[in-house]
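Trainee: output the structure for:
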Amino acid sequence: MESQDSSSSRTEIEPGNFWTADEDALLIQLKVQSPYSPWNEIAKRFSRRNSSQCSHHYQKLKRDALDNEKKNELARLYESHKEEMWMKVAERMSEKVSWTDAERNHWRIGKSDMARRAGDEFLSVAVAYIPQLGANSDAVQESRLQQFQQQRWSGAAWSGQEEAVLFSMIRENMTWEQWEDISSCLPGRTPKACEHHRYFLFKRCDGWSPELQNELCKVYKGLKSELWAKISEQLLVSREKAENMHWELGEEGIAERAGLSLSPQSQTAADLTLAPREPGQTTKEWLNFVCQ
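Mentor: Numbers count the residues shown, from 1 in each chain. Purely as a prediction, here's the structure:
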C-alpha cells in the first residue's frame, strides 16, 4: 500500500489509451533525472500506466526523437546540396532551364507524377502530327472507347497517349476554342476535361510544356542514384530512404527544418524536457545523453 507522501507526489493525469504530451514530458523527465530507477517505480507516478507501458513508450519516444533529428539533418543536407544536385539535372535538359526552376518544378509535379512521367509512355518531344485514331478497326475503336470510358468514370489520370493526342491537336488547330473536335479524338474525355487538363499542365510549372515536364522526370530518374549519394552517405541511410524522406517532408517542411531555431514557443511539452544538442554533437551522443 502506498504511503500518503507517495500518493501526494503521484501525478494524476487523465487516463486514456493515448499518451498525452504531459505524460511524455513527465516520462522523459523522470528517466533523465533518475536513469537507473526501475520502471515499476516510474510507473507509480502515472495514473493507470504500468511498468511495461512506460518502458515501451519510452523506447518509442527515443525512436521518434532519432527520426525527427534525422529529418532535420536531411533538410539541412538537402538545402546545402540542392544547387549541386539540380544543376546536374538542368545541364541534361534539352532546353536551357535554371537549376532553381528544375528544383521548384519537381515539387510541383510531385512524387507520384514524377515517377509516372519518367516512363516510356510519356513523350519528352512535341508530336508534330495528329494520330489517325479513326483508321483503327471497329473492334479496336470499341475497345479503346470502353477503356477511356472506364478512365473517365474512375477519375483515372491522363495517359501519355491521351496527352500526345491532346497537345498535337492543340498545336494543329492553333486555337484552344475547338474543344469539341479535340474531345472527339479522346473517347471518355469531355471538352471541358480536355480544356482543364491543358490549363492544369501549363499552369503548374509556370508555362513549361508537358514535354519539358516529362523530360525533367526522365532526367531526374536517370540521375537519381547519383543525386542522393552524398546525402545518404552522411545520413547513414539508403539513397531510396533519403529520397523518400525529402518527399515526405515536402518543400515547406525542408525549408522550415533547415532553418530550424528551437524555441520553447514552438515545441511540445515533451520536447522542453530535452537538453539542447551541442554544436558538433552527433545524434547518437545527444540521444545517449538525454535518453539514457
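Trainee: can you pull the contacts of residue 249?
Mentor: Contacts for residue 249 (CB atoms under 8 Å, 6 or more residues apart in numbering) come out as 71, 74, 75, 257. For every residue, glycine as well, the C-beta is placed using N, CA and C.
Trainee: give me the element it is part of.
Mentor: helix 239-258 (DSSP states H and E).
Trainee: pLDDT (mean, whole number) over that helix?
Mentor: Averaged across helix 239-258, the pLDDT comes to 96.
Trainee: i'd like the first residue to be 836 from this point on
Mentor: Yes, from this point I'll number from 836; that puts the last item at helix 1074-1093.
Trainee: got the CA positions of it in CSV?
Mentor: C-alpha atoms of helix 1074-1093 as CSV (Å, rounded to 0.1, in the frame of the first residue of the first chain):
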residue,chain,number,x,y,z
ARG,A,1074,19.6,6.5,-51.2
GLU,A,1075,16.0,5.4,-51.6
LYS,A,1076,15.3,6.3,-47.9
ALA,A,1077,16.9,9.7,-48.2
GLU,A,1078,14.8,10.5,-51.3
ASN,A,1079,11.6,9.3,-49.7
MET,A,1080,12.3,11.4,-46.6
HIS,A,1081,12.6,14.5,-48.8
TRP,A,1082,9.3,13.7,-50.4
GLU,A,1083,7.7,13.1,-47.0
LEU,A,1084,8.9,16.5,-45.7
GLY,A,1085,8.0,18.5,-48.8
GLU,A,1086,9.3,21.8,-49.9
GLU,A,1087,8.0,23.8,-47.0
GLY,A,1088,8.9,21.2,-44.4
ILE,A,1089,12.5,21.0,-45.6
ALA,A,1090,12.8,24.8,-45.7
GLU,A,1091,11.4,25.1,-42.2
ARG,A,1092,13.6,22.3,-40.7
ALA,A,1093,16.7,23.6,-42.5
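Trainee: list the buried residues of it.
Mentor: 1074, 1077, 1078, 1080, 1081, 1084, 1089, 1092, 1093 (16 or more other CB atoms under 10 Å).
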